[in-house]
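In: Just need the structure, nothing else, for what follows:
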Amino acid sequence: MTTFAVSPQAVLRKVVRRTARLVEGPAARLLPLDASDLLKGALRKARVREVEDSAFLEGLGRLVRSLEEEARLNLFGRIAVREDIMRLLANRFRVEQDRRRDPAIAEEEIRRPIFITGLPRSGSTLLHGLLAQDPANRVPQTWEMLDPSPCPRRETYERDKRIRKTERELRWLDRLVPEFRKIHAVGARLPEECVILLAHSFVSSQFCSMYVVPSYQRWVEEQDLVPAYRLHRRFLQHLQRHCRGERWVLKAPAHLATLRELFQVYPDASIIMTHREPLEVLGSEASLHTVLRRAFSDAIDPKAVGREVSELTAKEMRIGLAARDDGCAPSDQFFDLLYPDLVRDPIGAVRAIYAQFDLAFTPAAEAGMRRYLTTNPKDEHGSHDYSLAQFGLDLEEERHRYEDYRARFLSDSSLR
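Out: Numbers count the residues shown, from 1 in each chain. I've put the predicted structure just below:
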């Protein structure tokens, strides 16, 4: 018997991509990206008549222009980004409407949130998953960030109908981009990066991970992100209205470049900064960006992605460390965690974090974390293979680019 080693997912992906190439020109005409049309569609979707806060309009316009002029979207990319933008807008409008109907949402206090940030691919997902096992910690799950309205409720949190809806949507991602699961675990009920919340401001680096939008990226880097973090806080108030924890635990490498703005909105925040050898990080991050972007465009150059990732990562690290050194917050609000230490002794790393921030490490928290480590083995969905060379990155050049960072954090025996 002859068999063919071709998965249904691979066939579906090829069909979508070949169709996209055939209709790329017509698709641009049939599915144009127009900010006004997207706005009208989102208002209909949210069933609201008018925009309460129009601060997002400039970012929306710049993003849409960059997508149309630079991203070279295929058919699937056009469909996906239209739906994504309308969803973000509709979420924003619904949350505003909920806030008008229930003024008590605005009275919710966000106390001593913990933010995990640092180099990408440096253990933040593992750490976030561990901390999510502490009953005192509140983490944002994927489903509630993608579909936040109405406010989640404690009594139905585990069986909310939006969970199943989000699972169906994520299955499409798995079918079209099966490689992504090897790089980053996805699931409706998994804790996820809170850049999803920041994306609702349309001043966010999330779009730059998924699409080639250099002019929009440059504009974002020039903006004051305090308003985006204020919106981020409003979303947290919304999510915890009927479903609180003692503290939020949030994570995203993108917070590194915006520590000044973050502390203006969350002055009592604690920051866990994760560290790893940059030469181990860059190929993995470039691979993630390449895999994501190839789902939406057939014109992705891995070497261009590699250069972009390396330069941006180094820049964000410089900005973040400068903010820290300039005293954007007291030193005791930071905790530095090396990736080898986290991998070697995860429970010990968590104990040290709790001691630094004067938090109770309860038996229930420890038991939950140990179960999590047992049930979530590394490379559960297959190994993620990559190299610097496939992304055009020179070993010695990258070693030199990050030598100050390496000397400060990776050569200090006091951190080990």
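In: Could you use CA atoms for every contact and neighbour count after this?
Out: Will do.
In: Now do the longest helix along the chain: which elements does it pack against?
Out: In the chain, assigned by DSSP state H, the helix with the most residues is helix 75-101. Applying 3 or more Cα pairs under 8 Å, 6 or more residues apart in numbering; DSSP states H and E, one finds that helix 75-101 contacts helix 8-22, helix 24-30, helix 35-46, helix 226-240.
In: which of the ones you listed has the lowest average pLDDT?
Out: Sorting the helices and strands packed on helix 75-101 by mean pLDDT places helix 8-22 lowest, at a mean of 48.
In: hmm, back to that, mind checking the pLDDT average for the longest helix of the chain?
Out: Mean predicted lDDT for helix 75-101 stands at 95.
In: For the helix or strand just after it, C-alpha coordinates in CSV please.
Out: Using DSSP states H and E, the next helix or strand after helix 75-101 towards the C-terminus is strand 114-118. Taking C-alpha atoms only, strand 114-118 is exported to CSV below (Å, rounded to 0.1, in the frame of the first residue of the first chain):
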residue,chain,number,x,y,z
ILE,A,114,3.1,42.1,38.2
PHE,A,115,4.4,42.5,34.7
ILE,A,116,6.8,39.9,33.1
THR,A,117,9.0,41.4,30.4
GLY,A,118,12.5,41.2,29.0
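In: what kind of secondary structure is the spatially most central residue of the chain in?
Out: Residue closest to the average C-alpha location in the chain (Cα atoms, centre = their mean): Glu193, at 3.8 Å. For Glu193, the assignment made with DSSP: H, G, I helix; E, B strand; the rest coil gives coil.
In: how about it, phi and psi?
Out: Main-chain torsions, Glu193, degrees, to the nearest 10: phi -60, psi 140.
In: what sits against Ser297?
Out: The neighbourhood of Ser297, defined by Cα atoms under 8 Å, 6 or more residues apart in numbering, consists of 71-74, 77, 211.
In: For Ala295, grab the count of nearby residues.
Out: Neighbour count for Ala295, taken as other Cα atoms under 10 Å: 22.
In: Tell me the spacing between the closest residue to it other than its chain neighbours and Ala355.
Out: Computed as Cα to Cα, 6 or more residues apart in numbering, the closest residue to Ala295 that is not its neighbour in sequence is Val177, at 6.5 Å. The span separating Val177 from Ala355 equals 40 Å under the rule Cα to Cα, to the nearest Å.
In: So for those two, which residue has more residues nearby?
Out: Neighbour comparison, Val177 and Ala355: the larger count goes to Val177, with 17 against 12 (by other Cα under 10 Å).
In: I'd say the more buried one and His289 touch.
Out: No - under the criterion of Cα atoms under 8 Å, Val177 is not in contact with His289, lying 12.0 Å apart.
In: what's the nearest residue to Asp268 once chain neighbours are set aside in contact with, if anything?
Out: In this structure, Asp268 finds its nearest non-sequential neighbour in Arg112, 5.1 Å apart by Cα to Cα, 6+ apart. Residues near Arg112 by Cα under 8 Å, 6+ apart: 247-248, 266, 268-270.
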